[in-house]
Structures are given as C-alpha cells and as structure tokens.
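Colleague: Predicted coordinates and the sequence they were generated for:
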Amino acid sequence: MIVYTMAEMAAQGKNPEILFWVGCAGSFDARAQKVTRALCEVLNHAKVEFAILGSEERCSGDPARRAGNEFLFQMTAAMNIETLNMYGVKKIVTTCPHCFNTLKNEYPDLGGHYEVVHHTQLINEMISNGKLKLKEGGDFKGQRITYHDSCYLGRANDVYEAPRALLESLDVDLVEMKRSRKNGLCCGAGGAQMWKEDEPGNKRISLERIEEALETNPTAVVANCPFCITMLQDGLKAKEKNEQIPVYDLSEMILSRLL
Amino acid sequence: MIQSLLFILVAGAASWFTWKGFSRVLQNINLGKPETIRDHKALRWRNVVLIALGQQKMFKNLLPAVLHLALYIAFVVTQVELIEIFVDGILGTHRFFAPQFGGFYTFVISSIEVLSVLAFVATIIFLARRNVLRVARFQKPELKGFPSRDANLILLGEIILITGIFCMNGGDKVLQARGVEHYQLTGNFAVSTWLGPALFGGLSNATVGTIERFGWWLHLSTVLGFLCYLPYSKHLHIILAFPNTWYARLTTNGHMQNMPEIQKEVRSMMGLPEISTDSNSGADSPLNGGDGGGLEFGANDVFSLSWQNILQAYSCTECGRCTAACPANITGKKLSPRKVMMDVRDRAEEVGAAISKGQGAKGNYDDGKSLFDRITPEEIHACTTCNACVEACPVMINPLDIILQMRRHEILTQSAGPAEWLPMFNAIENAGAAWSMSEPREAWREA
C-alpha cells in the first residue's frame, strides 16, 4: 500500500488528481481504518494518483455543527478550507458520508468549492470506465446480502444506486430490507449521537435496524459509513450474531475481487 | 325574500369570522423573523403542482393516499355546487344553473354525487382507522385531547356535509317526480334519483320540501362553519399546503443553514478575510436583540425562528407520518417531530393571543416562557438528524430545521447541552479530531 500526504507530494512537485479525505473515524477507529486501507489499495490497484492530508486534516465539523456548536464548526471548517485551497484541491473522495455531506454541501457556503464523491461512487465509476476489473465468481457470488442505506449518503444526498450497482457487479443476491432507500432506517449514530448515550427509550436504534436486517436472513450486511458499521456491529453483538454475520464496507468486498 | 336576507346575514357573519381567523394566523406567522424567499420560482411552482396539488408524496402509502384523494377531489368539485347555493341564496332562485347548462348541469351534479359517496366511504374508513383500528400514529400522546377531537370533528363535518347534499338533491328529485311547482326538472342524478324516492318517497310534499330546504341549509351552514373553524384546526392544511410547498427549502436535505454572523466572527478571530455569503439564502440575520441586549443565536421562541418555520407549523395536519418514520420515536424516545411542529404552532398561538391583548409586542415580548417550555432538551437531544421526518412529510414540512435551530440556541446562547458532547468539542478544538487520540492522524499507514 502506497499512500502519500499532500505535503509529501508537494515536496516531489506533484499535485495528485484526487484527495482522499480520511476523516476521524477512518483515521482512528480500528474498524474504519480497515476501510481506509482497503480504499487505498483499490486506488493503488487502479493506479490512481491520490494523496491524504495526514496531520493537516481536521474533523470536517459535522458532529459539532449537528450538536449545535456553530462556532466550532466554522473554526474547524475554515482551517480545512484554508488547507484544501492552499493545495489547490479539485476533487475529493471520502469513505464517510458525514464528511462527504459537509464537504460537498456545506463548505461551499464557506468558500470551499470542490468536486466531492463518496468512495462507492468513485469505485463504481472506475468499474464502468474499465479502470478496475473484477474477477468472475468468487466469495460473494450468489450470497444473500442486505444493504443498509446511510442517512447522509441516502436521504441527505440521494445516493442510492452507486452502492447497489457495486453489489450487482459482485454478483451478490441483494435482499432489500423493508425500510430501504428513501425510507431507510437510521443506524442511530447521526446528529452527534455517536458521542453520547441514548436518551431514555425502550430500545437502541441500532438494535431495531439490525433486527430488520436479520429478517432478510443475510450472510452479510453491507454499509457505506464508518458509524453505521459500528452501530450495526453493536446490534449484531447484542443479538449474538457477530460471529456468524460480518458487516462489510463495499471497498473491502471490491478489494477481495480485484483482477 | 326572508330567506335571501337570512342567507346574506349568515354568509356575511361567517365571512367576517373567517377573515378574523385567517388574519390571526397570518399575524402569528409573521411573529417569525423576516426571510426573503423568491428564488427558483419554476422549481417552487413545480413543487406546488406536484406535491400540494398532485399529492405526490401521499402516494408512498397507497391506501390512505387513495382515500385522501377521493375526499380531496370530492371537496374541490363540490365547491361548484356551492357557487350555485350562493347564487340561489342571494337571488332567491332555485337551481339557477340548471336551465342554463341543461345536460351538463346534470352531469356535474351527478359527478358530485358519485364523489360524495366515495368521500363518505373514505370518511368512514378514516374514522375507523382513528377510533376502531387505532392506527399507531394516531395514538401518540401529543394527540390526546383537542387534536383527536379536532380530527374527528372534521370527519364528522364531512358526513354532515354529505348528508346535506343528499337531503337536498334527494328531496328535490322526489318533488320533481311528483311535478310539484318550483322544482324544475334537472335530469337524473346518479345517486339521488333512486336514493331520494327510497328515503323520502312515502312522505308528504310539505315534509319533503322541508327536508330539501333542510339539506340546502345544512350543506351551506356546514361549509360556512367549516371555513370559520379552519383557522383553529389542523385542517388548515387544505389551504396552507400550497404556500408551504412554495416556500419550502430547496437545498439538499443534508445542508444545514449557514450562520453568516458566526462565520464573520470566526474568520475575523482567525485573521481570515471576509467572504461573500451570496449562497447563504437563509434568514436575513441569525441575530436578534435579547432582553439584556446580548446576542442570541439559534432559536428558542417563535421570534427567533423564520416566519417560514411558523408557516410550516400552521400547515401541519398532524398526520404523524414524520413521527412514524422517526427512529428515535420508534425506539421509545420522547422525541416526536409532529409534536415539535404542534408545539411551535401552539406557542405562536399563545404569543399571538397575548400580543393582541396588548401584553407586549413583537420585538419586546417576554412572558418568561419559551419554546423550551414545550419542547424539552431531552426531545431535541434524541434526534439523529436522519431526515426521515423531512422525507415523510407530504407537504414538505421540515421539523429537523427547527430541532437544529434549538440545538444551536442551547449550545451557543445557553452554553448548555449534553455534557457528553464536551469531550468531543474539546477534541475537535484542540486535537482537530472528534476524539482525543495520542497517535498521529496518519498512523494507520504503518499498520
């Protein structure tokens, strides 16, 4: 795996076509780090010239803004935009739908204008234009798999088809949950819930969601967001199904099928 | 002649009450902050046509959508008959349009009758869904008391209206068949031609005549009563759904309104140049002068919300699709997006009533209460910002926008909010990450 930072690239006099925005979860959460590495390997394989910001990247500000802390959001966002503009970044890929949404929809108000794509969109595009080729058959062919729409990729940004197109290219037997696409049910982590305990209630949202996923009797659950992955895994643990049923990010599935 | 005078008196009084009611609602909507919304007119008209007029978003749920459509079309088409009732009422004529339009008149009245039967069936099913089948979204705590009675009253009114139509037309058909003078022939109506004789066939001319007049007055007075009642009812959506879809926010669901004042402050603090905020088509200013002259951010009352938020609150018909889709509500949390909208409306009513009694004015109103007395922190903290409520609303109401403005008030103005968020805030501020971590951000490269 070869991953350079923008600073390292700049030192070599290079300006990569794509910036990979790793995000806090992708940088520090052990499970999400695997997704980060998977995407880097996919990009390496496709010979895409990309870089990360490394220590120059800061939280996009999504949890601060949704918690109501606009001062903090404006501060962290302004610093990020200064950095991104300094490197002349044009195109950004993220593995986190929250970073994706903030960079794509909210940074323009603050003077940050970039083409922002989610990694499922980028990988789908690379398969369509032949930059990536997948092996025939394999581990996932014909497997019953259910796909969880994250709120920030789905309802917030209307991206429903790119991830499903990837699942199709993997020949899986996609079984939709009752609530999917526009009607998809949240995993429970958004709106800065990830950083606090649930308010009093009778059930965790993650449990409600994983029960719905289990109704499809899947061999694996697929998600597109580091927070969804955490919540769905928590739900599976509560159901004592975490040994049998994995939760994958699409980049991991694609990586294992690269030709 | 007496009937004409009585008619003019009744209709005049009803118009006056209706006017008063709607003025009150308009005044209360304007308690909100001014915000200019006139961009993307074509797209806005498209939303009005597809979503309000065409009820596009209702069709996510087929059975209620079809029933609602039947009621809606019946309601709209029946207004044609109301025009005649007004003409007859003022001129003292009987079925003024019948001789002028002939067969077309028969067709229109027949259509109204068929639609009325459909509307009757729909109303019975709606009543059953609320009171017998007890569909979950109609059983939530926020509907206890007036909201439930309000819903049933409107449905009951619908039944009375339809009863009036069939008394009027049925009686008329019986008297026409008997060749009674004054009851000119109108051709066969789809329903009352057989329903009239079946119900009233054995009664004397005088009694049937009374039933016909009773039906006429019943129809008229129910419609007028309905108009007077509308500004006090959830049923106001039949009118406000149209402006509400026109004024609804057009940005992608994921976009949170920018706060240019804070942006300016932060940029000057960081020594960065100002940037133009032309893309911030949001409220004119997020600032309002608090009592001590201090700055207030976010919203804690109707004055700090946009007028558009209050319009949304008045447009809500309390159907509860938002609450039924809310992950927090589904899992037993106190948050209900419908309740948020109802609370904003009820607060606007409370403030509006006090101001009209001379207790303060917009700009210096203080009754020691705020939205937080109705919407508790526990409720707004339960939101996952998933946009399910926004997606679910058939008339483009956005409860999330209000929840987020209240969160902003809590954090920025009250310096309150969940204590568990503080480590996250600190980590972002000091370490640039949502968690405080000791290893470098790109350490994953080495693993």
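Modeller: On my side now, so go ahead.

Colleague: Start from the N-terminal end of the stretch 101-250 of chain A and give the strands.
Modeller: A:115-118, A:144-147, A:173-174, A:220-223, A:247-249 (DSSP state E, counting those that start in this stretch).

Colleague: Reformat the ones you listed as CSV; add mean neighbour count.
Modeller: All C-beta spots, glycine's among them, are computed from the backbone N, C-alpha and C. Below are the strands of the stretch 101-250 of chain A laid out as CSV (neighbours: other CB atoms under 10 Å in any protein chain shown):
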stretch, mean neighbour count
strand A:115-118, 20
strand A:144-147, 21
strand A:173-174, 16
strand A:220-223, 25
strand A:247-249, 23
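
Colleague: Can you report how many residues lie near A:Pro63?
Modeller: 28 (other CB atoms under 10 Å in any protein chain shown).

Colleague: So for it, what's the pLDDT?
Modeller: The model reports A:Pro63 with a pLDDT of 98.

Colleague: got the contact list for it?
Modeller: By CB atoms under 8 Å, 6 or more residues apart in numbering or on different chains, the residues touching A:Pro63 are A:98, A:192, A:194-195, B:424, B:428, B:434.

Colleague: now with 6 Å?
Modeller: A:Pro63 makes contact with A:192, B:424, B:434, according to CB atoms under 6 Å, 6 or more residues apart in numbering or on different chains.

Colleague: And B:Leu227, how far from A:Gly130?
Modeller: 65 Å (CB to CB, to the nearest Å).

Colleague: How about A:Glu240?
Modeller: Taking CB to CB, one finds A:Glu240 at 43 Å from A:Gly130.

Colleague: same deal with A:Val35?
Modeller: Counting by CB to CB, the gap from A:Val35 to A:Gly130 is 24 Å.

Colleague: between the two, which one's more packed in?
Modeller: Remark: of A:Val35 and A:Gly130, A:Val35 carries more neighbours, 27 against 8, as counted by other CB under 10 Å.

Colleague: Pretty sure B:Phe17 sits against B:Cys228.
Modeller: Yes - applying CB atoms under 6 Å as the test, B:Phe17 and B:Cys228 come out as touching, 4.3 Å apart.

Colleague: Show me how the chain divides into domains.
Modeller: No chain was given, so I picked chain A. The record's domain split for chain A, according to automatic domain parsing, is A:4-125, A:134-255.

Colleague: Not quite, go with chain B.
Modeller: B:57-232, B:284-417.

Colleague: most packed of those domains?
Modeller: The highest mean neighbour count among the domains of chain B, using mean count of other CB atoms under 10 Å in any protein chain shown, belongs to domain B:284-417: a mean of 21.

Colleague: Quick one: mean pLDDT for that domain?
Modeller: 92.

Colleague: Phi and psi next, for whichever residue of the stretch 51-200 of chain B sits closest to chain A.
Modeller: Nearest residue of the stretch 51-200 of chain B to chain A: B:Lys60, at 7.5 Å (CB to the nearest CB). The phi/psi pair for B:Lys60 (degrees, to the nearest 10) reads phi -70, psi -20.

Colleague: For the strands of the stretch 101-250 of chain A, could you give me JSON lines that also reports mean pLDDT and distance to A:Phe73?
Modeller: Formatted as JSON lines, the strands of the stretch 101-250 of chain A follow (pLDDT from 0 to 100; distance: least, CB to CB, whole Å):
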{"stretch": "strand A:115-118", "mean pLDDT": "98", "distance to A:Phe73": "17"}
{"stretch": "strand A:144-147", "mean pLDDT": "98", "distance to A:Phe73": "30"}
{"stretch": "strand A:173-174", "mean pLDDT": "96", "distance to A:Phe73": "36"}
{"stretch": "strand A:220-223", "mean pLDDT": "98", "distance to A:Phe73": "25"}
{"stretch": "strand A:247-249", "mean pLDDT": "98", "distance to A:Phe73": "26"}
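
Colleague: Format those strands as a markdown table; extra columns: distance to chain B.
Modeller: Converted to a markdown table, the strands of the stretch 101-250 of chain A look like this (distance: least, CB to the nearest CB, whole Å):
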| stretch | distance to chain B |
| --- | --- |
| strand A:115-118 | 11 |
| strand A:144-147 | 17 |
| strand A:173-174 | 22 |
| strand A:220-223 | 14 |
| strand A:247-249 | 14 |
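
Colleague: Relative to B:Pro337, which of these is closest?
Modeller: With CB to CB as the criterion, B:Pro337 lies closest to strand A:220-223 of those, at 24.8 Å.

Colleague: gap between that closest one and the chain center?
Modeller: Computed by CA atoms, centre = their mean, to the nearest Å, the chain-centroid distance of strand A:220-223 equals 13 Å.

Colleague: Helices of the stretch 251-400 of chain B, start to end?
Modeller: Here the stretch 251-400 of chain B has its helices, by DSSP state H, counting those that start in this stretch, at B:260-269, B:307-315, B:321-325, B:327-330, B:337-356, B:377-381, B:388-392, B:399-408.
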